[in-house]
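[1] Fold the following.
(chains A and B)
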There are 2 protein chains.
Amino acid sequence: MNLAEFIEGRRDAHLAELCELLRIPSVSAKSEHKADIERGARWVADNLRAAGFKSVEIVPTNLHPLVYAESLDAPGKPTVLFYGHYDVQPAEPMDLWTSPAFEPTVRQGNLYGRGTADDKGQVHIHLKAFESLQKVHGRLPINVKVLIEGEEEVGSVSLWDYVQRNKAKLQADALVVSDTSMLAKGVPSITYGLRGLNYDEVELTGPAHDLHSGVYGGAVPNPLAILSELFGKLHDKNFRIAVPGFYDGVAKVSSAERKALNALPWKRKDFEKAVGAPGYFGERGFSIVEQLWIRPTLELNGIWGGYTGEGAKTVIPSKAFAKFSTRLVPNQDPKKIAKLVEKHIRKLLPKAVHCKFEVLSTGKPWVAPFHAPIFKKAQTALEKGFGKKAVFIREGGSIPFVTQMHDTFKVPCVLIGFGLPDENAHAPDEHIALENYFGGIKAIAHFYEDLASL
Amino acid sequence: MNLAEFIEGRRDAHLAELCELLRIPSVSAKSEHKADIERGARWVADNLRAAGFKSVEIVPTNLHPLVYAESLDAPGKPTVLFYGHYDVQPAEPMDLWTSPAFEPTVRQGNLYGRGTADDKGQVHIHLKAFESLQKVHGRLPINVKVLIEGEEEVGSVSLWDYVQRNKAKLQADALVVSDTSMLAKGVPSITYGLRGLNYDEVELTGPAHDLHSGVYGGAVPNPLAILSELFGKLHDKNFRIAVPGFYDGVAKVSSAERKALNALPWKRKDFEKAVGAPGYFGERGFSIVEQLWIRPTLELNGIWGGYTGEGAKTVIPSKAFAKFSTRLVPNQDPKKIAKLVEKHIRKLLPKAVHCKFEVLSTGKPWVAPFHAPIFKKAQTALEKGFGKKAVFIREGGSIPFVTQMHDTFKVPCVLIGFGLPDENAHAPDEHIALENYFGGIKAIAHFYEDLASL
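    So this is what the prediction gives:
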């Protein structure tokens, strides 16, 4: 039986197994899910063993365990390091899910559930590609190292620590990652650029305790109003970020590259349909694709303070909070940017509030040329899986690990995504198109098979 | 035994009984407390019966029941209508209470618990004054009508409805209310002015659902940023409210009155100690007392949206919310102000978000001369209870009912408060000074006794 036929015959088994993994609420941001995270790591390790990896270890860390496996039975053949993550974003707000976040459900050709697209579904594509190659060929055609972490959604600190201490062990000819998106349905894509990130939190304290807004209103600093005013000032009227020096490090993107990105089969209509907002705006002078992929941003991710329950409570709260993130592009330095942002925020704030500023996570932007032969192999394999030529794209999200690995090992990083931008990664009703999941297993199995002749 | 001695001998019994009432979590804003609200109404009715009122009724309404009682056994003597409320503000955030909100606790001369100052403690002062007069004299020296509602913290809609349908029944020579504050510890106070109020909520909707802030950041409307920008624009640099027409109705306060208010024994040091903020600002050109009592304000009471949990979640939420209130002064019309504010907000908002605007509660401002003889009686009685002459003050809070009653019955409204501005009404660790509570029972009993000779 050939590889494609074998994979085709296992569709139901593959899907059922993925659902098992998705049912584990391995939310890395919340300490209450510690046990689930550990269950997630064990599941991945067991699955790698079942896929034929003889050397599999669960590595304890300061936060969440990571899983490392290797199969080095193809002497003389290339070695790839596959990276993914088994942790997921929090699923709140729960009431906005059509079916529960951790009860995977198929509707209209999509599989719904937290982690379907980001990243359990994509990790599972590789696990099943490895397993299929083992079952069909009796062994893997190339050497494979697998690293699946549990802290991607909270900054990958332990992972990076592990990599630093195991450089020789992790050495490979290429890094392969599936944690990105396809440009659109039916358009297999290879990502060659990612934005970096600082995720920050500010806490403002005005009055020492909550106050009655009738008794005190008009004469005391209201941290909610001060927070609003602050964030109202962080963009200018052209939607540029109004932090002095913020754009200093931004590398110019060539007009050829801008032209190529704008010529991709990307449809504004599909984008607007996916977002569903009454209107759109972004940094002046750039197309939407450019705003998303090659320009830095500052986005509020959460604000809270005061009374947020049912009905009316006339309170001036002691504190107000915001979480926000800056997405960064080459060659912005996250550390420098964090300092510039903090400095500007402190400058804008009146003396009537205290401010606590914290960087919760950080990651460098990444962009790389795609000339190495492995990219050609990836393009061909994607065509085998999807019947269509793959395009080269950039992406707005961040995978800090990719930059770190690229900087450390100086090898090609091949980012092949099987999600879609409108599949609600990080939001309620996250899903993955089943055709991309099944097509992905075929494409990736062919990719690893073809790499034997690299 | 004379009245003062009788009251003195009942201190422990009075306190124990008040604690009973405070243990009922009669939070009117939250539907989950419906049964507690009803328990609160029954407790008040039972207590009025125990105080000697033969005619006591619990009146069902569209929302929360109110309690009405009367004792009309003093022919030829004046009739007062005493008003108070048995409902309380929500107690959240619970973790900021030193002792639980609904487990009243005495510490350093203060009784802590939700409702101690606003308004159960103050209502109880009157209930025990009535009871003491009954026990000492065998009957009440004047005619008394009592109206205790359960919706003061959510807009008093049912109360007002009841008053409109029972005008003849509620007719009295004066309205007496204890739901305000003393100027400072040891300074008994009669309040002759209150601010009005609109309590509003806005809901902004941008994207149809939550989005990944990496994938979409920079090209879609972020409702959190738009909300911040909006509220950043509602005050000008002099901390005046930047809504066109907002100040149009504001009546000029005479320089004599401003002088009198600024000459009160009010201490900036005590105010700043009570608030505990790192700095202060308010509308330019007015003293703090003026900012609090005679100037209108716009205060954010709550904002929320996006991810507010532990750690990082890179989301652009679909919605952002704010609760805010405008405090109003004579002769601003709350209905007009609500329209001006809504219109200005809609004008400021970009087309990229939808806005839902809702007025949750409303109340007119009130200010009244204090020439009627009953004010003299109140001043004398307060001196008997506290050994110090009472001052006439205004206040920043709102009691919409007072204006409505004043407009309807055209009788003097006597507002005698026993709270203190720093007793955390509407905040964690709400409390009442026991010396004010016990002094209040004595003062109010004397007040009702003295009114027989009005």
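[2] CA only for contacts and neighbour counts going forward, please
    Fine.
[3] can you give me the helices in the stretch 151-300 of chain A?
    Using DSSP state H, counting those that start in this stretch, the helices of the stretch 151-300 of chain A run over residues A:157-165, A:167-170, A:213-216, A:223-232, A:255-262, A:268-275, A:288-293.
[4] buried residues in the second one?
    Spelled out, that is helix A:167-170. A:Leu170 (16 or more other CA atoms under 10 Å in any protein chain shown).
[5] So what's the gap between it and the chain middle?
    In terms of CA atoms, centre = their mean, to the nearest Å, the centre of helix A:167-170 is found 24 Å from the chain centre.
[6] what's the answer for the first one, then?
    For helix A:157-165, the distance between its averaged C-alpha position and the chain's averaged C-alpha position is 18 Å (CA atoms, centre = their mean).
[7] what's in contact with it?
    Here helix A:157-165 makes contact (CA atoms under 8 Å, 6 or more residues apart in numbering or on different chains) with A:61-64, A:66, A:149, A:151, A:170, A:401, A:404.
[8] Going by neighbour count, which residues of that helix are buried?
    A:157-160, A:163.
[9] List just the nearest of these to A:Gly232.
    The nearest member of these to A:Gly232, counting by CA to CA, is A:Val157 at 32.1 Å.
[10] Show the pLDDT at that closest one.
    Looking at A:Val157, its pLDDT is 87.
[11] ok, now A:Pro369?
    For A:Pro369, pLDDT reads 84.
[12] and of the buried residues of helix A:157-165, the nearest to chain B?
    Minimum distance to chain B across these is 13.5 Å, recorded for A:Val157 (CA to the nearest CA).
[13] before we move on, the earlier item: distance to A:His137 added to the helices of the stretch 151-300 of chain A, as CSV?
    Listed next are the helices of the stretch 151-300 of chain A as CSV, based on distance: least, CA to CA, whole Å:
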stretch, distance to A:His137
helix A:157-165, 31
helix A:167-170, 25
helix A:213-216, 73
helix A:223-232, 58
helix A:255-262, 39
helix A:268-275, 41
helix A:288-293, 40
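[14] Kindly compare burial across those helices and name the winner.
    helix A:213-216 (a mean of 28; mean count of other CA atoms under 10 Å in any protein chain shown).
[15] Can you show me the CA trace of it as PDB?
    In PDB, the C-alpha atoms belonging to helix A:213-216 read as follows (Å, rounded to 0.1, in the frame of the first residue of the first chain):
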ATOM      1  CA  SER A 213     -18.400  58.200  43.000                       C
ATOM      2  CA  GLY A 214     -21.000  60.600  44.300                       C
ATOM      3  CA  VAL A 215     -19.200  61.600  47.500                       C
ATOM      4  CA  TYR A 216     -15.800  61.900  45.800                       C
END
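[16] from the buried residues of helix A:157-165, which two are the most distant?
    Of all pairs in the buried residues of helix A:157-165, the most separated under CA to CA is A:Val157 and A:Val163 at 10.2 Å.
[17] which one of the buried residues of helix A:157-165 sits closest to A:Leu81?
    Of all those, A:Leu81 sits closest to A:Val163, with 11.8 Å by CA to CA.
[18] Might you report the residue contacts of the closest residue in space to A:Glu229 that isn't next to it in sequence?
    Nearest residue to A:Glu229, sequence neighbours excluded (CA to CA, 6 or more residues apart in numbering or on different chains): B:Gly232, at 3.7 Å. Applying CA under 8 Å, 6+ apart to B:Gly232 gives the contacts A:225-226, A:228-232.
[19] if we go to 6 Å?
    By CA atoms under 6 Å, 6 or more residues apart in numbering or on different chains, the contact set of B:Gly232 is A:228-229, A:232.
[20] For these, give me a markdown table that also has pLDDT.
    Listed next are the contacts of B:Gly232 as a markdown table, based on pLDDT from 0 to 100:
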| residue | pLDDT |
| --- | --- |
| A:Ser228 | 98 |
| A:Glu229 | 97 |
| A:Gly232 | 97 |
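[21] Name the residue of the stretch 1-150 of chain A with the shortest distance to chain B.
    Counting by CA to the nearest CA, the stretch 1-150 of chain A gets nearest chain B through A:Ala29, at 5.1 Å.
[22] Look up the closest residue to that residue, ignoring the ones flanking it.
    Nearest to A:Ala29 is B:Gly311, by CA to CA, 6+ apart, at 5.1 Å.
[23] pLDDT at the one you found, what is it?
    So, for B:Gly311, pLDDT stands at 88.
[24] my read is A:Ala378 is in a helix, agree?
    Yes: assessed with DSSP: H, G, I helix; E, B strand; the rest coil, A:Ala378 lies in a helix.
[25] That one: neighbour count?
    By the criterion of other CA atoms under 10 Å in any protein chain shown, A:Ala378 has 24 neighbours.
[26] can you pull the contacts of it?
    By CA under 6 Å, 6+ apart, A:Ala378 lies in contact with A:Phe447.
[27] same thing with A:Ala184?
    No residues are in contact with A:Ala184 under the rule CA under 6 Å, 6+ apart.
[28] Compute the number of surrounding residues for A:Val187.
    22.
[29] distance of the nearest residue to it once chain neighbours are set aside from chain B?
    Nearest in space to A:Val187, with sequence neighbours left out and distances taken as CA to CA, 6+ apart, is A:Ala390 at 6.4 Å. Distance, A:Ala390 to chain B, by CA to the nearest CA, to the nearest Å: 20 Å.
[30] Now do A:Ala390, the pLDDT please.
    pLDDT, read off for A:Ala390, is 95.
[31] Please apply the same query to A:Gly186.
    At A:Gly186, pLDDT is 80.
[32] ok, now the one 10 residues further on?
    Note on A:Gly196: pLDDT of 95.
[33] ok, it touching A:Val367?
    No: assessed by CA atoms under 6 Å, A:Gly196 is found out of contact with A:Val367, at 10.1 Å.
[34] The lowest-mean-pLDDT helix or strand in chain A to helix A:157-165, inter-axis angle?
    One helix or strand of chain A scores below all others by mean pLDDT, DSSP states H and E: helix A:400-409, with a mean of 87. Between helix A:400-409 and helix A:157-165, the angle comes out at 10 degrees (axes from the mean of the first three to the mean of the last three CA atoms, to 10 degrees).
[35] Residues contacting helix A:400-409, please?
    By CA under 6 Å, 6+ apart, the surrounding residues in contact with helix A:400-409 are A:363-364, A:366.
[36] mind redoing it with 10 Å?
    For helix A:400-409, the surrounding residues in contact (CA atoms under 10 Å, 6 or more residues apart in numbering or on different chains) are A:83-84, A:152, A:155-157, A:159-160, A:163-164, A:167-168, A:170-177, A:193-197, A:361-368, A:410-415.
[37] Show me what the next helix or strand after that helix is packed up against.
    Next in sequence after helix A:400-409, counting helices and strands by DSSP states H and E, comes strand A:413-417. In this structure, strand A:413-417 makes packing contacts with strand A:79-85, strand A:174-177, strand A:189-194, helix A:373-386, strand A:391-395, helix A:400-409, helix A:434-450, judged by 3 or more CA pairs under 10 Å, 6 or more residues apart in numbering or on different chains; DSSP states H and E.
[38] Of those, which shows the lowest average pLDDT?
    Of all the helices and strands packed on strand A:413-417, the minimum mean pLDDT falls on helix A:400-409 (a mean of 87).
[39] With only the CA atoms kept, save it in CSV.
    Provided in CSV are the C-alpha atoms of helix A:400-409 (Å, rounded to 0.1, in the frame of the first residue of the first chain):
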residue,chain,number,x,y,z
PRO,A,400,9.5,33.6,19.3
PHE,A,401,11.1,30.2,19.1
VAL,A,402,11.6,30.4,15.4
THR,A,403,13.8,33.5,15.7
GLN,A,404,15.7,32.0,18.5
MET,A,405,16.4,28.7,16.7
HIS,A,406,17.3,30.6,13.5
ASP,A,407,19.7,32.8,15.4
THR,A,408,21.2,29.8,17.2
PHE,A,409,21.5,27.1,14.6
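[40] Give me the buried stretch members for that helix, please.
    A:400-406, A:409.
[41] pLDDT weak spots in the stretch 51-200 of chain A?
    Within the stretch 51-200 of chain A, no stretch has pLDDT under 70.
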